[in-house]
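Undergrad: Structural data only, the sequence is not supplied:
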């Protein structure tokens, strides 16, 4: 029965990784931009929530709601002022710029918040759990997983039910023809990054409540996010969730064998999936 | 009233000059045709008007405004809509979504809506949930035309809408033109098929190597003159 428990914990952990990855997947899917600062933006979001919690003395979930519009605005500006200038046929400039942004963010956070590790206190939620017969699940992991599903359902609704979503997909297909339809690609990209930053805020909330964080942990989250996106197949949000779950289960299984195997098992699972399905589990039909 | 005109329009792709001072004029309510061989600059002319290629502001005037330097989305918002060469449907959108993209971000009142487009091309209603790229070439062309109409344009630019289609399909597509005209749109068609162009247009411009080599009402142009303007050969 210990195995069942391990797998359930892994699936729930996959929800966290899917949250890390969803924003990355969204931005890549729409503008083919690989944002190497994605992990650091999550850490920045966690510090923002922490600051709101400590200044206003409110519940972290409320604080995240306040952080969302701020993060949206930051994302919108980041895209408008910086990233739109480097998007083009050459994929290298955006990589370099977001790599630089990652370093800038880490150092700015270090300067502003010191290297001490922090945590967003969630009170009783941190340790509360449900006993479901053979397995016991923490409320926090369940909330994380449910949030991941809600985020993916929400993004899919946005993509397939709204005119902004149509503009996202049309621009992703062909920005020149989209502009012939009256769509401003630069504006669409700014909206996309803004929305991705709302997802980043949700990821940051759970990152900060579930474990300690400090200014340097962004790149490690980026790796998990990347692996989840690649395993799932570029552009598929449900694939991203599946990717997160695969990494999560691999990590908890690895940890069950021996704690030092935890991280490595996740990476190995990633490589194995790529060996079997080089384009990921749910690749888009065309590209 | 002149709705759209180009004045001494030049266009470049990098160091390569594609247009050398092109003047065309579209009167309100009129349909004009641009004919010419591959590489004559017809598509470049369309892309310049639509704003995909940017030019000096005064080179293109629409409704009294210099639009030569405006980006495509602003030109489109002003009422100039294009059916691009090669149809360019969005592969990840269904037929209906492709049509709806044509109205993006605006509340548009006018003759054209999903309903009237479906009435114009009934086959599209049947296929509305199918991905646009799963249709036949002629049906895709109908989607591309419908998509451009959804914004109720005052000027419709049709770039090579008969390219690669069977004659019977071309006839079906051109059968839609009278309703498009009566909806109030002035039309510029780019055609390689001279006969088709002569049938629909009140003025025909023939282009060769980036210049207008001949223009006039179809009835006034002799076969020989068109031949010379089209191929550069003396008949």
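TA: Thanks, I have the structure now. Model, not experiment: these values are computed from the prediction.

Undergrad: What are the buried residues along stretch B:148-165?
TA: Buried residues in stretch B:148-165, counting neighbours by 16 or more other Cβ atoms under 10 Å in any protein chain shown, are found at B:148-163, B:165. (C-beta placed from N, C-alpha, C; glycine too.)

Undergrad: same deal with stretch A:102-119?
TA: Buried, per 16+ other Cβ under 10 Å, within stretch A:102-119: A:102, A:105-106, A:109, A:113, A:118.

Undergrad: Closest to residue A:172 out of the residues you listed?
TA: Ranked by distance to residue A:172 (Cβ to Cβ), these are led by residue A:102 at 24.2 Å.

Undergrad: on that earlier part again, filter the buried residues of stretch B:148-165 down to the ones close to chain A.
TA: Among the buried residues of stretch B:148-165, proximity to chain A is found for residue B:151 (Cβ under 8 Å from any Cβ of the partner chain).

Undergrad: Out of the buried residues of stretch B:148-165, list just those in helices.
TA: Assigned to helices by DSSP state H, the following of those qualify: B:148-149.

Undergrad: now the strands for the stretch 1-150 of chain A?
TA: Using DSSP state E, counting those that start in this stretch, the strands of the stretch 1-150 of chain A run over A:129-132, A:135-138.

Undergrad: rewinding a little: of the buried residues of stretch A:102-119, which belong to helices?
TA: Going by DSSP H, the helices hold A:102, A:105-106, A:109, A:113 from those.

Undergrad: would you list those in JSON lines and tack on pLDDT?
TA: Compiled in JSON lines, those are given as follows (pLDDT from 0 to 100):
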{"residue": "A:102", "pLDDT": "97"}
{"residue": "A:105", "pLDDT": "97"}
{"residue": "A:106", "pLDDT": "97"}
{"residue": "A:109", "pLDDT": "97"}
{"residue": "A:113", "pLDDT": "96"}
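
Undergrad: just these that are near chain B?
TA: Of these, not one also sits near chain B (Cβ under 8 Å from any Cβ).

Undergrad: Show me where chain B dips below the pLDDT cut-off.
TA: B:105, B:107, B:233-235 (pLDDT under 70).

Undergrad: residue contacts, residue 149?
TA: In the absence of a named chain, this looks at chain A. Contact analysis of residue A:149 by Cβ atoms under 8 Å, 6 or more residues apart in numbering or on different chains lists A:15, A:241.

Undergrad: You answered for a different chain; I wanted chain B.
TA: B:81, B:102, B:112, B:117, B:120, B:156, B:180, B:183, B:185 are the contacts of residue B:149 under Cβ under 8 Å, 6+ apart.

Undergrad: Redo these as JSON lines? Include secondary structure.
TA: Listed next are the contacts of residue B:149 as JSON lines, based on DSSP: H, G, I helix; E, B strand; the rest coil:
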{"residue": "B:81", "secondary structure": "strand"}
{"residue": "B:102", "secondary structure": "coil"}
{"residue": "B:112", "secondary structure": "coil"}
{"residue": "B:117", "secondary structure": "helix"}
{"residue": "B:120", "secondary structure": "helix"}
{"residue": "B:156", "secondary structure": "strand"}
{"residue": "B:180", "secondary structure": "helix"}
{"residue": "B:183", "secondary structure": "coil"}
{"residue": "B:185", "secondary structure": "coil"}
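
Undergrad: I would like the residues contacting stretch A:204-216, please.
TA: A:16, A:19-20, A:42-50, A:60-61, A:64, A:67, A:106-107, A:109-110, A:113, A:115-122, A:125-126, A:140-141, A:143-144, A:147, A:221.

Undergrad: Tell me which entries of the residues you listed lie within helices.
TA: Using DSSP H, the subset of the contacts of stretch A:204-216 located in helices is A:16, A:19-20, A:42-50, A:60-61, A:64, A:67, A:106-107, A:109-110, A:113, A:140-141, A:143-144, A:147, A:221.

Undergrad: Report how many residues lie close to residue 203.
TA: Went with chain A since none was named. 32 (other Cβ atoms under 10 Å in any protein chain shown).

Undergrad: Hmm, no, I was thinking of chain B.
TA: 18.

Undergrad: hmm, back to that, take the buried residues of stretch B:148-165 and keep only those in strands.
TA: B:155-159 (DSSP state E).

Undergrad: Now tabulate the strands of the stretch 1-150 of chain A in a markdown table and tack on distance to chain B.
TA: Output for these, formatted as a markdown table (distance: least, Cβ to the nearest Cβ, whole Å):
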| stretch | distance to chain B |
| --- | --- |
| strand A:129-132 | 40 |
| strand A:135-138 | 37 |
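
Undergrad: Residue B:28 is in contact with residue B:1, correct?
TA: Yes - counting by Cβ atoms under 8 Å, residue B:1 does reach residue B:28; the two are 4.8 Å apart.

Undergrad: neighbour count winner among the two?
TA: Neighbour count, other Cβ under 10 Å: between residue B:1 and residue B:28, residue B:28 has more, with 13 against 7.

Undergrad: does that one really touch residue B:5, like I thought?
TA: No - taking contacts as Cβ under 8 Å, residue B:28 lies outside contact range of residue B:5: 11.6 Å.

Undergrad: For residue 66, which non-adjacent residue is closest in space?
TA: By default, I'm working from chain A. residue A:52 (5.4 Å; Cβ to Cβ, 6 or more residues apart in numbering or on different chains).

Undergrad: if you could check chain B rather than the one you did, that'd help
TA: residue B:57 (4.0 Å).
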